[in-house]
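1. quick one, what's the 3D model for this:
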Amino acid sequence: MGCLSKSVIWVVVICLILECGEGFYLPGSYPHKYAVGDSLSVKVNSLTSIDTEMPFSYYSLPFCKPQEGVKDSAENLGELLMGDRIENSPYRFKMYTNETEIFLCKTSPLSADEFKLLKKRIDEMYQVNLILDNLPAIRYTKKDNFLLRWTGYPVGIKVQEGYYVFNHLKLTVLVRKYEETNVARVMGTGDAVEMIPGGNGVGGSEEPGYMVVGFEVVPCSVQHDMNAIKNSKVYDKYPGKINCDPATVSMAIKESQPIAFTYEVSFVESDIKWPSRWDAYLKMEGAKVHWFSILNSLMVITFLAGIVLVIFLRTVRRDLTRYEELDKEAQAQMNEELSGWKLVVGDVFRAPSYPSLLCVMVGDGVQLLGMGVVTIMFAALGFMSPASRGTLLTGMVFLYLILGIAAGYVAVRLWRTIGCGDHTGWVSVAWKAACFFPGVAFLILTFLNFLLWGSHSTGAIPFSLYVILILLWFCISVPLTLVGGYFGAKAPHIEYPVRTNQIPREIPPQKYPSWLLVLGAGTLPFGTLFIELFFIMSSLWMGRVYYVFGFLFIVLILLVVVCAEVSLVLTYMHLCVEDWKWWWKSFFASGSVAIYIFLYSINYLIFDLKSLSGPVSATLYLGYSLFMVLAIMLVTGTVGFLSSFWFVHYLFSSVKLD
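-> Numbers count the residues shown, from 1 in each chain. The predicted structure is shown next:
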């Protein structure tokens with residue numbers, strides 16, 4: 001029964017991860033019950049563009065401000081790193097109370113700087129992001145009979161030479177009757193904790209209530225009569241009929257002229273269940289493309305697996321079998337006639353150049369790989385819902401910190417293996433492993449942060465957060481890496497199956513440069529992920545919600561397999577031509593996929609982000625891309641090196657040569 005139970009559990013886990021490739025989520029919170037007439041407040045997130053990584057504060061533009069003043073909502077580490085700034089807004093209404101022609105405010109006459117800034121944000125296609133009950137506002141548009149979904153709405157639009165601002169919002173709130181009556185409180189959804197009336201609590205369960213299950217917005221550009229609203233106050237009825245037609249624009253912005261803002265809201269009962277209210281945002285596009293990507297990866301794996309089988313079954317095993325069947329005299333004679341990989345037996349485990357750097361990069365690669373696998377698995381199982389903003393990035397940071405112990409262990413144990421058991425210098429190796437990748441990342445992000453500070457972007461990391469990140473680095477990651485290094489120093493090193501000669505063997509001249517093969521090998525791992533890479537890039541740079549982590553988990557597993565096979569095959573090819581310097585080549589054989597990903601990033605910048613504004617945005621994009629490909633190089637290179645190390649150790653431990 002125990003084995004059967006474990007089998008059932010594993011089947012359930014695998015089914016949850018795959019879920020037909022789609023990511024799903026655990027809501028992580030209970031619905032809030034709103035009685036008819038309860039106040040609903042809309043929040044605003046940072047202004048974001050569909051093609052730049054520089055978010056700006058909503059109130060950096062001449063928009064209406066709340067009467068009580070601008071207040072920040074609680075933010076976690078992930079939100080701060082992503083540049084999210086959640087603030088209150090003047091938009092408010094009551095549950096299940098339809099309202100039309102609500103006057104919000106009239107701005108002061110636009111100054112020259114405000115006019116110029118507003119035009120710039122319209123040119124850069126910045127979006128306004130509204131949030132109600134933790135749901136972002138969603139906008140629907142039609143193109144070629146297809147219904148497109150967008151989060152937020154544009155600040156304005158340019159028509160010919162004129163600039164028009166969207167100053168009237170048609171808001172639609174989808175509600176559903178409250179179903180549960182025994183819930184006590186809201187659990188973390190990214191918003192503040194709020195009490196819910198229980199079955200025996202104040203207010204009673206018999207009182208009708210509703211849940212918010214959808215939030216839609218239609219922006220319009222409407223020319224208001226400034227004289228008619230001269231004496232109007234906030235939330236007064238607009239003196240006239242407002243026709244919200246998204247197909248027409250009429251509110252042109254002009255210097256020294258004010259802008260009036262209005263809105264309307266309607267409530268519609270929906271059959272959407274509360275746990276499914278995020279489906280509109282997470283609905284997967286192009287499922288067939290994702291499956292095509294996986295099938296393409298499987299074809300690459302099958303091709304490489306065939307080569308590996310040929311190497312093992314037909315070449316290596318054949319040679320070993322022939323050797324073992326000979327008597328001692330014949331073996332001695334055969335030793336004199338050795339060729340190929342058997343000739344480098346005395347040099348194959350010779351220490352590589354820059355051994356400490358190799359150990360550090362492999363250790364950091366293990367740390368990043370562990371972080372990626374665990375994060376994607378938890379996200380695929382639904383524990384990192386987009387309803388909890390910043391959870392994914394926060395989880396990645398803390399997983400990286402904790403896995404410092406793995407980085408130290410692997411780096412130091414590999415160092416001792418290369419040194420044939422000598423543990424001298426293990427503290428230095430562990431310290432370098434704790435500082436190499438975080439140090440490079442810190443330099444890149446600091447440079448980019450200066451650019452964001454200079455542009456007054458909300459994406460800039462505050463100085464206080466810098467201090468927190470440094471404390472996390474040196475108070476958690478570094479000590480854990482040193483602890484891992486200590487255990488690596490105490491663990492037995494991996495013994496080589498053959499002795500290393502004192503004088504290195506000369507490597508015969510090669511017909512083709514070996515590094516050319518190494519760089520070309522990265523095309524195969526790139527072929528397994530380039531389709532999924534497009535969806536990831538679109539999510540990062542075009543504001544789309546990426547939540548097909550089931551597919552991503554499958555692609556990650558396939559990528560690991562392909563990297564291992566590519567590196568193994570290339571290592572065998574180098575040994576066959578008597579090239580015993582395989583250590584670094586096995587690392588970069590699979591790690592060179594990062595070069596192709598960076599080239600793809602440049603291609604994406606040129607052809608998909610055509611309207612990227614200015615050299616600052618392009619520099620930010622390339623800087624973040626460089627940071628990403630560095631992490632990918634460490635992960636894929638580590639997988640390739642470890643698989644090649646196992647292969648070489650197995651190969652030379654299977655034959656006894658004097």
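
2. show me what secondary structure element comes after the one helix or strand in the chain whose mean pLDDT sits lowest.
-> The weakest-scoring helix or strand in the chain, judged by mean pLDDT, DSSP states H and E, is helix 2-18 (a mean of 42). For helix 2-18, the following helix or strand on the C-terminal side (DSSP states H and E) is strand 34-35.

3. give the other helices and strands that that next one contacts.
-> Secondary-structure packing of strand 34-35 (3 or more CB pairs under 8 Å, 6 or more residues apart in numbering; DSSP states H and E): strand 209-220. In this view, the C-beta of every residue, glycine as well, is placed from N, C-alpha and C.

4. the strand it packs on packs against which elements?
-> strand 34-35, strand 130-132, strand 135-136, strand 138-143, strand 153-154, strand 168-177.

5. so which of the ones you listed comes closest to residue 488?
-> strand 135-136 (45.7 Å; CB to CB).

6. among the helices and strands packed on strand 209-220, show the one with the smallest mean pLDDT.
-> Averaging pLDDT over each of those singles out strand 138-143 as the lowest, with a mean of 86.

7. what does that one contact?
-> Identification of contacts with strand 138-143 by CB atoms under 8 Å, 6 or more residues apart in numbering yields 147-153, 214-219, 280-281.

8. list the buried residues in that strand.
-> Residues of strand 138-143 classed as buried by neighbour count (16 or more other CB atoms under 10 Å): 138-139.

9. compute the inter-axis angle for the helix or strand just after that strand and strand 209-220.
-> Downstream of strand 138-143, the first helix or strand assigned by DSSP H and E is strand 146-151. If you take axes from the mean of the first three to the mean of the last three CA atoms, to 10 degrees, strand 146-151 sits at 110 degrees to strand 209-220.

10. what's the offset of strand 146-151 from the middle of its chain?
-> Mean-position distance between strand 146-151 and its chain equals 22 Å (CA atoms, centre = their mean, to the nearest Å).

11. looking only at pLDDT, what's the mean for it?
-> Mean predicted lDDT for strand 146-151 stands at 80.

12. can you give me the helices for the stretch 151-300 of the chain?
-> Here the stretch 151-300 of the chain has its helices, by DSSP state H, counting those that start in this stretch, at 279-282, 287-309.

13. rank the ones you listed by pLDDT, which is bottom?
-> helix 287-309 (a mean of 67).

14. save the helices and strands packed on strand 209-220 as a markdown table, and put in distance to residue 415 too.
-> Listed next are the helices and strands packed on strand 209-220 as a markdown table, based on distance: least, CB to CB, whole Å:
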| stretch | distance to residue 415 |
| --- | --- |
| strand 34-35 | 61 |
| strand 130-132 | 50 |
| strand 135-136 | 49 |
| strand 138-143 | 53 |
| strand 153-154 | 55 |
| strand 168-177 | 59 |
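
15. between these, which one is closest to residue 498.
-> strand 135-136 (61.4 Å).

16. partner strands of that closest one, with direction?
-> Strand 135-136 has its sheet partners listed here by DSSP bridges as strand 130-132 (antiparallel).

17. how far does the strand it pairs with sit from its chain's centre?
-> 23 Å.

18. re the thing from before, select only the buried ones of the contacts of strand 138-143 in ChimeraX?
-> Burial among the contacts of strand 138-143 is assessed by 16+ other CB under 10 Å; the matching ChimeraX selection reads:
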select :150,151,152,153,214,215,216,217,218,219,280,281
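
19. what's the closest of the contacts of strand 138-143 to residue 650?
-> residue 281 (48.4 Å).

20. grab the longest helix from this protein for me.
-> Ordering each helix of the chain by length in residues (DSSP state H) puts helix 614-653 first.

21. packing partners of that helix?
-> Right, helix 614-653 is packed against helix 355-380, helix 426-454, helix 523-541, helix 549-576, helix 583-591, helix 593-607 by 3+ CB pairs under 8 Å, 6+ apart.

22. quick one: average pLDDT of stretch 476-488?
-> 96.

23. residue 221: neighbour count?
-> Neighbours of residue 221 under the rule other CB atoms under 10 Å: 21.

24. what's stretch 429-446 in contact with?
-> By CB under 8 Å, 6+ apart, stretch 429-446 touches 356-357, 359-361, 363-364, 367-368, 404, 407-408, 411-412, 415, 461, 473, 477-478, 481-482, 484-486, 488, 623, 626-627, 630-631, 634.

25. list the buried residues of it.
-> 429-438, 440, 445.

26. same check, this time on stretch 258-269
-> 259-265, 267.

27. give me the pLDDT for residue 635.
-> We have a pLDDT of 97 for residue 635.

28. if I pick it, what's in contact with it?
-> Here residue 635 is in contact with 365, 368-369, 372 (CB under 8 Å, 6+ apart).

29. three-state assignment of residue 90?
-> strand (DSSP: H, G, I helix; E, B strand; the rest coil).

30. could you check the distance from residue 152 over to residue 114?
-> When CB to CB, to the nearest Å is applied, the distance between residue 152 and residue 114 equals 21 Å.

31. now do residue 585
-> 59 Å.

32. out of the contacts of residue 635, who's nearest residue 136?
-> Once CB to CB is applied, the member of the contacts of residue 635 that ends up nearest residue 136 is residue 372, at 26.4 Å.

33. you'd agree that closest one is up against residue 555?
-> No - look at residue 372 against residue 555 with CB atoms under 8 Å: they stay out of range, at 11.4 Å.

34. okay, these two: which has more neighbours?
-> Between residue 372 and residue 555, residue 555 has the larger neighbour count (other CB under 10 Å), namely 23 against 20.

35. measure that one to residue 525 for me?
-> For residue 555 relative to residue 525 (CB to CB), the value is 11 Å.

36. now residue 257
-> 57 Å.

37. repeat for residue 142
-> Applying CB to CB to residue 142 and residue 525 gives a distance of 39 Å.

38. with residue 596 instead?
-> Counting by CB to CB, the gap from residue 596 to residue 525 is 8 Å.

39. burial of the spatially closest residue to residue 86 that is not a sequence neighbour, as a residue count?
-> Take residue 86 and drop its neighbours on the chain: the residue closest to it by CB to CB, 6 or more residues apart in numbering is residue 73, 3.9 Å away. The local packing of residue 73 (other CB under 10 Å) involves 18 other residues.

40. next, count neighbours for residue 103.
-> Residues near residue 103, counting by other CB under 10 Å: 22.

41. what's the answer for residue 85, then?
-> Residue 85, neighbours per other CB under 10 Å, totals 21.
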